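# pasting the sequence and the predicted model now:
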Amino acid sequence: MEAILLVGGRGTRLRPLTISTPKPLLPTAGAPFLAHQLARAHAAGVTRIVFATSYRAEMFEAAFGTSAHGVELTYVSEREPLGTGGAIRNAAPALTSGPDDPVLILNGDILSGHDVRAQVELHEKAGAAATLHLTKVEDPSRFGSVPTDGQGRVTAFLEKTNNPVTDQINAGCYVFRRSAIDTIPEGEVVSVERETFPGLISSGQVVMGHVEAGYWLDVGTPEAFVQGSRDLVLGRIASPAMPGEPGQRLLLDGAVVSPRAVVRGGTAVGRGAEVEGGATVEGSVLQDGAFVAEGATVRDSVVGRGARVGAGAVLDGVILGDGASVGPGNELRNGLRLWPGIALPPTAVRFSADDS
């Protein structure tokens, strides 16, 4: 089975981490985020993937080459962003599948543990033009909702509303009949959610919903990105791409953690990173070459490549860009982001993203 992997977004919600690295390539539980998707796709029977790229397109082939995690890879780039449907159509000429074959569509910012094989089986059994993975959420008002009938056919795509008719939402993984992809206009900006799927439904085509409420996470925000890495390290979702066994922490080659430091809660410590004695790091991502000094505390945060946290400093829900540094005594909280190369001098002042 072939797949198209949508990785063209700029990842603006994750800045400053995405200034130099596309969101799908950010280190997540010891590997680029996409490595986890590739490994899970291979386990589901995918043998070939077309990357639909745009932002920093050249970095994807440099990272994965022509094959990785048991999957053959090829790359197609958009000159201008074409939306989800347009990106799928733009990548389609690189497919080798026949007109009736299933083609899996994956989003490069979704971490999901759902049963892809079961989704494909439903698609083929129903003779569907497209089959969507739908998940259930506690607060569907934050999302568009996707109702289905008694046979599992999708009946509508509804915008966000305070009174949603269902708790089912689009989880961002689709199976298309190859010929259905060719109905998407070529070279145009198209939303698969707002145009392609509603168009298929209105024309009488079968669009199915595979409802599965297992692990699912959109890693597009800093909080969700940290959570995704933490959940992988802790084993809440399995990934063949993780370079180590699940546990309280994951140490990559060359990482140095003092026996007097506390590193736990699903923390990933990158290559050459160091945590000194007396420091506490919980549920965080320390990228390659990061440094956490004696007595510092880091919780639910990302410390970028080569970034430094000074002695006694506190980071709680913070993003430090590559090469940034926080001097001793600083206290940073509540979503604060420090851009690459910025240095905060020693201080005893508390900073928060809520400060004006």
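Okay, I see it. Residues are numbered from 1 along each chain as shown.
# list the contacts for T21?
R56, M59 (C-beta atoms under 8 Å, 6 or more residues apart in numbering). The way it works is simple: take the backbone N, C-alpha and C, and place the C-beta from them, glycine included.
# gap between it and L34?
Between T21 and L34 the distance is 12 Å, computed by C-beta to C-beta, to the nearest Å.
# which of the residues in the host helix or strand of A39 are buried?
In the assignment (DSSP states H and E), A39 maps to helix 33-43. Using 16 or more other C-beta atoms under 10 Å as the test for burial, helix 33-43 gives F33, L34, A35, H36, Q37, L38, A39, R40, A41, H42.
# grab the longest helix from the chain for me.
Across the chain, the longest stretch assigned as helix under DSSP state H is helix 222-234.
# residues contacting that one, please?
Helix 222-234 has contacts (C-beta under 8 Å, 6+ apart) with 13-14, 17, 26, 28-30, 33, 36, 111, 215, 217-219, 237, 239, 242, 246-250, 265-268, 283-285, 300-302, 317, 319, 335, 337.
# okay, angle between it and helix 33-43 too, please.
Calculated by axes from the mean of the first three to the mean of the last three C-alpha atoms, to 10 degrees, helix 222-234 forms an angle of 50 degrees with helix 33-43.
# which neighbouring elements make contact with the helix or strand just after helix 222-234?
Once helix 222-234 ends, the next helix or strand along the chain (criterion: DSSP H and E) is strand 249-251. Judged by 3 or more C-beta pairs under 8 Å, 6 or more residues apart in numbering; DSSP states H and E, the packing partners of strand 249-251 are strand 267-269.
# can you identify the element that follows the strand it packs on toward the C-terminus?
Using DSSP H and E, the helix or strand that follows strand 267-269 towards the C-terminus is strand 274-275.
# parallel or antiparallel, list what pairs with that following strand.
Using DSSP bridges, strand 274-275 pairs in its sheet with strand 256-257 (parallel), strand 291-292 (parallel).
# closest to E58 out of these?
Nearest to E58, of all the strands paired with strand 274-275, is strand 291-292, at 29.9 Å by C-beta to C-beta.
# buried ones among the contacts of helix 222-234?
Buried among the contacts of helix 222-234 (16+ other C-beta under 10 Å): 13-14, 17, 26, 28-30, 33, 36, 111, 217-219, 237, 239, 242, 246, 249-250, 265-268, 283-285, 300-302, 317, 319, 337.
# next SSE downstream of the helix holding A39?
Next element after helix 33-43 (DSSP H and E): strand 48-53.
# can you list the low-confidence ranges for the stretch 51-200 of the chain?
The stretch 51-200 of the chain contains no residues with pLDDT under 70.
# can you pull out the helices in it?
Assigned by DSSP state H, counting those that start in this stretch, the helices in the stretch 51-200 of the chain fall at 58-64, 83-91, 116-126, 178-181, 197-202.
# now those helices as a markdown table including distance to P164 and mean neighbour count?
Shown next, in a markdown table, are the helices of the stretch 51-200 of the chain (distance: least, C-beta to C-beta, whole Å; neighbours: other C-beta atoms under 10 Å):
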| stretch | distance to P164 | mean neighbour count |
| --- | --- | --- |
| helix 58-64 | 36 | 16 |
| helix 83-91 | 21 | 25 |
| helix 116-126 | 23 | 17 |
| helix 178-181 | 27 | 18 |
| helix 197-202 | 17 | 17 |
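# can you check what angle separates the longest strand along the chain from helix 83-91?
Identified as the longest strand of the chain according to DSSP state E is strand 168-177. Counting by the same axes, to 10 degrees, strand 168-177 lies at 10 degrees to helix 83-91.
# kindly export strand 168-177 (C-alpha atoms) in PDB.
Output of strand 168-177 as PDB, limited to C-alpha atoms (Å, rounded to 0.1, in the frame of the first residue of the first chain):
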ATOM      1  CA  GLN A 168     -16.800  12.700  16.600                       C
ATOM      2  CA  ILE A 169     -14.100  14.800  15.000                       C
ATOM      3  CA  ASN A 170     -11.800  14.400  12.000                       C
ATOM      4  CA  ALA A 171      -8.600  12.800  13.200                       C
ATOM      5  CA  GLY A 172      -6.600  13.600  10.100                       C
ATOM      6  CA  CYS A 173      -5.900  10.200   8.600                       C
ATOM      7  CA  TYR A 174      -7.700   9.200   5.400                       C
ATOM      8  CA  VAL A 175      -7.900   6.300   3.000                       C
ATOM      9  CA  PHE A 176      -8.700   7.400  -0.600                       C
ATOM     10  CA  ARG A 177      -9.500   5.300  -3.600                       C
END
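# having no further points to raise, I will conclude here.
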